[in-house]
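K.L.:
what follows is a predicted protein model with its sequence.
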Amino acid sequence: MKDHFRRLFRYNDWANQRVLITYEEHNVTDDHLLSLFSHLITIQIIWLNRIKEIPTSPFPTWEKYKLSELRTMTMESSTNWMNYMEEHQMATFEEMIFYKNSEGRRYENTIRDIISHVINHSTYHRGQIARALRERNIEPPVTDYITYIRLK
C-alpha cells in the first residue's frame, strides 16, 4: 500500500507541475484559474497538517495566490507529502485521524481514506482547470495517470 501511495503522490506532483508550467508559459493571471490551483494546493497542505496534528487555520480553503507563491507552495507540499510517505511507519495507513473540517465539525477517517481523497480532489480540480484553460483558448496539459505511467 505504501508503494502505491508513493506512486500516486509522484504522479500528483508530475500533474501539478504540468499545470504550473502551462500557467507560467501563458503568464496566467486569471482569477478563476489561480483560485482553482490555489485551492488544490491549499487542500493538500491542510490535509497533511490534519494528519500531523498541525493547525490548519492559516490556510483559507479558497484563497487566491500568485503564480510565484503557487510554485513554492506546490514544491513544498509535494516534498512534505513524500517525506511523510517515507517516514510513516505503518504500511497500511489504517490509523484513524480525528480532526475538524473548515466549518469546525469533528470527523474521523483513516489516513488511507484521506490520502485517497487528496489525490482524487487534486484530479478533480485539474479537470476543472483543463476546462477553464480551454475556455480561454489555452491547450491544457495532459495530466492523466496513465500518461504518467507510460512515461516512467
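P.N.:
Everything's here; your move.

K.L.:
quick one: contacts for residue 99?
P.N.:
By C-beta atoms under 8 Å, 6 or more residues apart in numbering, the residues touching residue 99 are 50, 106, 107, 108. Heads up, the C-betas are built off the backbone N, CA and C, glycines and all.

K.L.:
kindly report the same for residue 146.
P.N.:
Residues near residue 146 by C-beta under 8 Å, 6+ apart: none.

K.L.:
that one and residue 37, how far apart?
P.N.:
Using C-beta to C-beta, to the nearest Å, residue 146 is found at 22 Å from residue 37.

K.L.:
what residue of this structure is the furthest out?
P.N.:
residue 137 (24.6 Å; C-alpha atoms, centre = their mean).

K.L.:
chain center to the helix or strand of the chain with the lowest mean pLDDT, what's the gap?
P.N.:
Sorted by mean pLDDT, DSSP states H and E, the helices and strands of the chain end with strand 96-100, the least confident at a mean of 93. With C-alpha atoms, centre = their mean, to the nearest Å as the basis, strand 96-100 stands 19 Å off its chain's centre.

K.L.:
what are the C-alpha coordinates of that strand, in CSV please?
P.N.:
Below are the C-alpha coordinates for strand 96-100, written out as CSV (Å, rounded to 0.1, in the frame of the first residue of the first chain):
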residue,chain,number,x,y,z
MET,A,96,-7.7,6.8,12.4
ILE,A,97,-7.3,10.6,12.3
PHE,A,98,-9.6,12.8,14.3
TYR,A,99,-9.9,16.4,13.0
LYS,A,100,-12.2,19.4,12.5
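
K.L.:
C-terminal to it, what's the next element?
P.N.:
Once strand 96-100 ends, the next helix or strand along the chain (criterion: DSSP states H and E) is strand 106-110.

K.L.:
not counting its neighbours along the chain, what's nearest residue 140?
P.N.:
Nearest residue to residue 140, sequence neighbours excluded (C-beta to C-beta, 6 or more residues apart in numbering): residue 130, at 3.7 Å.
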